[in-house]
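Student: How does the following fold in three dimensions:
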Amino acid sequence: MTSANVDPAAAPLTAASAGGSASGRRHAGLTRRLVPYGYLSPTMLLLTVLMVVPIVMVIGYSFRDNVIVNKNPVFAGLVNYAKVLTDADFLAALQNTAVFISVSTAAHLVLGLTFAMMLNTKLLGGITKAVFRIVYILPWLFTIAVIAVIWRLLLDPAGVVNYVLQTLGLIQDGVSWLGEPGTALWAVTFANIWSGYPFFMISLLAALQGISADLYEAAAVDGTNWLQRFVHVTLPQLRPVIISMAVLDLIWTSQQFALIWMMTGGGPLNSTEMLSTYTYKQAFSEYEFATASAAAVIVLLLTAALAFFYVRQQREQ
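Tutor: Numbers count the residues shown, from 1 in each chain. Reported below is the predicted structural model:
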């Protein structure tokens, strides 16, 4: 009886209404899917303009010859990469960079953890901890320019370092720490260590304060000494922080330019030449923008490998 009472003229309207409702639902669903992209669009636009476009341009430059200085550069293929990878200066810069970043990162970790544990101990009073905290964090408060000037003065042949060593009878004559190929790299590395360890110290101190005291109490009940507690309690708890900071420090230190340039300029005799200073010289001293672009792409690939390891390690946590 119900179907017999349905008005035949209303059937098209019902079908049209159902179609319009389905279309509206599809439109609403599409809108909901596009809303997140709308929120992300300003960030994506900014990243595209500031990162993607410059990287693509540099990669394009690396495959051309006489780029920028020539209005019509020709396609050179992998010639620039072959030139860079067979350049003795680049190989020296690669070796120096490997030594510089590995020694700096290891020293940052050791010093940062040592000072962080000193500040976290209950053996020191509040005032003593505050004084040491100020002293330890001072290097982080200076700009790179100030750090470079300080260490150039300290390491001068007539500077404080040589004076102290001569007073102690360790050396006879003043040493040109930044002017000798055998000591320049280690001097610059030491300055970088001095300026960078506070970041490790602060981060590790925060991680140490987050370790539950119950873990140490349980270990003490088991009869462990301080070294065993450090190995089996402290280090495992700090492991994620240590790995993350080590990878980030490797990436950051590999891009260090200002300190090296202001202290030695890559000399003497390329003993402190790094990948960053090599690329800069290729572009702005020799005006070899194509080879500089190729070197920049190689550095980008190396740092991207470290960044990939960092992201993978973060995802595993």
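Student: secondary structure class for residue 123?
Tutor: coil (DSSP: H, G, I helix; E, B strand; the rest coil).
Student: Hmm, residue 92 is touching residue 272, no?
Tutor: No: assessed by CB atoms under 8 Å, residue 92 is found out of contact with residue 272, at 9.9 Å. The C-beta positions use only the backbone N, C-alpha and C, and glycine is treated the same way.
Student: The two: who's more crowded?
Tutor: The residue with more neighbours, out of residue 92 and residue 272, is residue 272; 26 against 18, by other CB atoms under 10 Å.
Student: okay, now the nearest residue to the more buried one once chain neighbours are set aside: neighbour count?
Tutor: Excluding its sequence neighbours, the residue lying closest to residue 272 (CB to CB, 6 or more residues apart in numbering) is residue 264, at 4.5 Å. By the criterion of other CB under 10 Å, residue 264 has 22 neighbours.
Student: Helix, strand, or coil at residue 269?
Tutor: Taking three-state DSSP as the rule, one finds residue 269 in the coil state.
Student: Spatially central residue for the protein, please.
Tutor: The chain has residue 252 as the residue nearest its centroid, 2.8 Å off, counting by CA atoms, centre = their mean.
Student: does that residue belong to a helix or a strand, and which?
Tutor: Using DSSP states H and E, residue 252 falls within helix 235-254.
Student: Likewise for residue 215?
Tutor: Using DSSP H and E, the element containing residue 215 is helix 213-221.
Student: what's in contact with that helix?
Tutor: 228-229, 232-233, 237 (CB atoms under 8 Å, 6 or more residues apart in numbering).
Student: Just the buried positions in it, please.
Tutor: Neighbour-count burial for helix 213-221 flags 216, 219 (criterion: 16 or more other CB atoms under 10 Å).
Student: which other helices and strands contact the helix or strand following it?
Tutor: Scanning forward in sequence from helix 213-221 by DSSP H and E, the next helix or strand is helix 226-229. The contact analysis (3 or more CB pairs under 8 Å, 6 or more residues apart in numbering; DSSP states H and E) places helix 226-229 against helix 213-221.
Student: So for the helix it packs on, mean pLDDT?
Tutor: Helix 213-221 shows a mean pLDDT of 87.
Student: orientation of that helix relative to helix 235-254 in degrees?
Tutor: For helix 213-221 and helix 235-254, the angle between their directions (axes from the mean of the first three to the mean of the last three CA atoms, to 10 degrees) works out to 120 degrees.
Student: Spit out the contact partners of the residue nearest to residue 272.
Tutor: Going by CB under 8 Å, 6+ apart, residue 264 touches 178, 184, 188, 271-272.
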